[in-house]
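> The following comprises the amino acid sequence and a computationally predicted model.
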Amino acid sequence: MPNNFLFGAASASYQVEGAWNEDGKGLSNWDVFSKIPGKTFEDTNGDVAVDHYHRYKEDIALMAEMGLESYRFSISWPRVFPNGTGEVNEKGLEFYNNLIDECLKHNIVPFVTLYHWDLPQALEEKGGWKNPETVDAFVRFADTCFQSFGDRVRHWITFNEAVIFCSLGYLTGAHPPGIEGDVKGYFQTTHHVFVAHARAVELFKQNGYVGEIGITHVFNPAFSIDDAEENKFAEMHANAYSTHWFYDPILKGEYPAYVVKGLEEQGLLPDMTDEELDLLKRTASMNDFIGLNYYSPQRVMKNDSALVMAGGRENSTGRPGNPSFDGVYKTVMMDDKVYTKWAWEISPEAFLDGMHMLKDRYGDVKIYITENGLGDVDPIVDGEIVDDARIEYIEGHIRAVKHAVEQGVNVAGYYAWSAIDLLSWLNGYKKQYGFIYVDHANGLARKKKKSFYWYKDIIATRAENL
Ligand SMILES: C[C@@]1(C(=O)O)OC[C@H]2O[C@@H](O)[C@H](O)[C@@H](O)[C@H]2O1
């Protein structure tokens, strides 16, 4: 890969830090939601997670030993603003200053996500992302982070996976605020997130901060199961609602007409002011990159029943079979495909095809793969974590990125999810993604997996042999 291509790995504050109530941190919506019985897998929560808050120096040193070039992590908003806005918690800023300095000490490029789902509970209680005031509070939080860390952080992601925290928050109820079936609320929250993103981008550029800024979206390209007209229609519909609705307002500065028309006809179009639509239009070209979180494609067909998307945690873990919110299509498993233990299809081929689809629609926009990895129950043989399946998965997907770059797609970096084993929102500590194992039965001791050594070699050779 080119010398300026970044090989990285990622994490997220609520999933790694722990210290949920230390050093002045305020409550997040996940601190509260995860303690409602039955909401999470085996009632797991991030009170301790993997204690990155206290062990970050050890973790960063391990990342440096791997030769990691960049570490993507998120900032816990309630650690900086305990009430979401108002007073800043200096100890919160201090933690992230120390984390950033530790990365730089090891020549690891910090790649910072501002919002990775842990909303201050004080804001959730006032309506969360349905309330426009949350947009104002986010912009203040973003500006505080730009001012505090912008002298050393040169890469910023505003939001991680809006489709997930909005759909699971308002359609399936599997994420806070745990609402099911509020379709208009779902679309309204996505619009508020896009406005918050655009305002943060404009502020970043107007204040002349050095570096680049973008957003990370799920990339889950839809493919029809066959050439039947009704299933090809399902493919178009799925891509319009699950990809174009999210990427167009960011990269084109306007919403996809097909979805706008459909929502208008159903009375589901979000409340959008002309000023907000002008903001999206004028800031689209200010985006420096788009972050893709790719794990698998979706195989779709016409939904031949009256059923619509079902709620609950089990229906929200990405397993195929759930109809779309409007019942138009459904995802299915196919006999000739390969799946993970959580029934996510493994397809580097669809990844490559999908990257070309994005280039065709959005042009030569810079792309970072901000997440890609295998969630698995890793085999332990004679005390060693022999995660061959993860090595095979990541090898195939980095090869797809190499091919995309060779074919002219502007991919600037690859961040494996995840640097270290961490808490899964809906799968607890069972579904693991890390290069570094965390032994929950032994004081959260860290241990290098087989994939740790494999990725170290990939980075050292810049994937030349793939
Ligand atoms: C749903 C799930 C999973 O647990 O497999 O998808 C992959 C990955 O996406 C990330 O953005 C989440 O922060 C992380 O927790 C993971 O979440």
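Looks like it arrived, so ask away.
> what sits against residue 118?
Residue 118 makes contact with 12-14, 28-31, 74, 76-78, according to CB atoms under 8 Å, 6 or more residues apart in numbering. Bear in mind the C-beta positions are built from the backbone N, C-alpha and C, glycine included.
> go on, residue 221?
With the criterion set at CB under 8 Å, 6+ apart, residue 221 makes contact with 239, 243, 297-298, 350, 353-354, 357.
> For PyMOL, what selects the buried ones among those residues?
Buried subset of those, written as a PyMOL selection, criterion 16 or more other CB atoms under 10 Å:
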select buried, resi 239+243+297+298+350+354+357
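> Sitting in helices, which of the contacts of residue 221 do you find?
239, 350, 353-354, 357 (DSSP state H).
> I'd like the residues you listed laid out as JSON lines, including distance to the ligand and pLDDT.
Listed next are those as JSON lines, based on distance: CB to the nearest ligand atom, whole Å; pLDDT from 0 to 100:
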{"residue": "239", "distance to the ligand": "20", "pLDDT": "98"}
{"residue": "350", "distance to the ligand": "16", "pLDDT": "98"}
{"residue": "353", "distance to the ligand": "20", "pLDDT": "98"}
{"residue": "354", "distance to the ligand": "16", "pLDDT": "98"}
{"residue": "357", "distance to the ligand": "21", "pLDDT": "97"}
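> Quick check, the residue in this protein closest to the ligand?
Going by CB to the nearest ligand atom, the ligand is nearest to residue 424 of the chain, at 3.8 Å.
> since we're on the residue nearest to that residue when sequence neighbours are not counted, how many residues are nearby?
Spatial nearest neighbour of residue 424, chain neighbours left out: residue 431 (4.7 Å); criterion: CB to CB, 6 or more residues apart in numbering. Using other CB atoms under 10 Å, residue 431 has 20 other residues around it.
> May I have the lengthiest helix in the chain exported as CSV, CA atoms only?
Secondary structure of the chain read by DSSP H shows that its longest helix is helix 183-206. Presented in CSV, the C-alpha positions along helix 183-206 are these (Å, rounded to 0.1, in the frame of the first residue of the first chain):
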residue,chain,number,x,y,z
VAL,A,183,-40.5,6.0,12.2
LYS,A,184,-40.9,9.8,11.9
GLY,A,185,-38.7,10.2,15.0
TYR,A,186,-36.1,8.0,13.4
PHE,A,187,-35.9,10.2,10.3
GLN,A,188,-36.0,13.3,12.4
THR,A,189,-33.1,12.2,14.5
THR,A,190,-31.0,11.4,11.4
HIS,A,191,-31.7,14.9,10.0
HIS,A,192,-30.6,16.5,13.3
VAL,A,193,-27.4,14.5,13.3
PHE,A,194,-26.6,15.6,9.7
VAL,A,195,-27.3,19.2,10.7
ALA,A,196,-25.0,18.8,13.7
HIS,A,197,-22.3,17.3,11.5
ALA,A,198,-22.6,20.1,8.9
ARG,A,199,-22.4,22.8,11.6
ALA,A,200,-19.4,21.2,13.2
VAL,A,201,-17.6,20.9,9.8
GLU,A,202,-18.4,24.6,8.9
LEU,A,203,-17.1,25.7,12.4
PHE,A,204,-13.9,23.6,11.9
LYS,A,205,-13.2,25.2,8.6
GLN,A,206,-14.2,28.8,9.6
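> for that helix, what is the average pLDDT?
For helix 183-206, mean pLDDT is 98.
> next SSE after it?
Beyond helix 183-206 in the direction of the C-terminus, DSSP states H and E gives the next helix or strand as strand 212-219.
> Show residues contacting that next one.
For strand 212-219, the external contacting residues (CB under 8 Å, 6+ apart) are 113, 154-164, 197, 200-201, 204-205, 242-243, 246-247, 250, 286-294, 354, 358, 366, 368, 370-371.
> Near the ligand, which residues of the stretch 101-250 of the chain? Just list them.
160-161 (CB under 6 Å from any ligand atom).
> need the helices for the stretch 101-250 of the chain, in chain order.
Listed in chain order, the helices of the stretch 101-250 of the chain (DSSP state H, counting those that start in this stretch) span 121-124, 132-149, 162-170, 183-206, 229-239, 245-251.
> Could I get the CA-only coordinates of the shortest one as CSV?
Once side chains and other backbone atoms are set aside, the C-alpha atoms of helix 121-124 remain, and they are given as CSV (Å, rounded to 0.1, in the frame of the first residue of the first chain):
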residue,chain,number,x,y,z
GLN,A,121,-28.1,11.4,30.0
ALA,A,122,-29.1,15.0,30.8
LEU,A,123,-29.6,15.6,27.0
GLU,A,124,-31.3,12.3,26.5
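> coming back round to it: just the buried members of the contacts of strand 212-219?
Taking 16+ other CB under 10 Å as the criterion, what is buried in the contacts of strand 212-219 is 113, 154-164, 197, 200-201, 204, 242-243, 246-247, 250, 287-294, 354, 358, 368, 370-371.
> Give the buried residues for the longest helix of the chain.
Neighbour-count burial for helix 183-206, with 16+ other CB under 10 Å as criterion, is recorded at 183-204.
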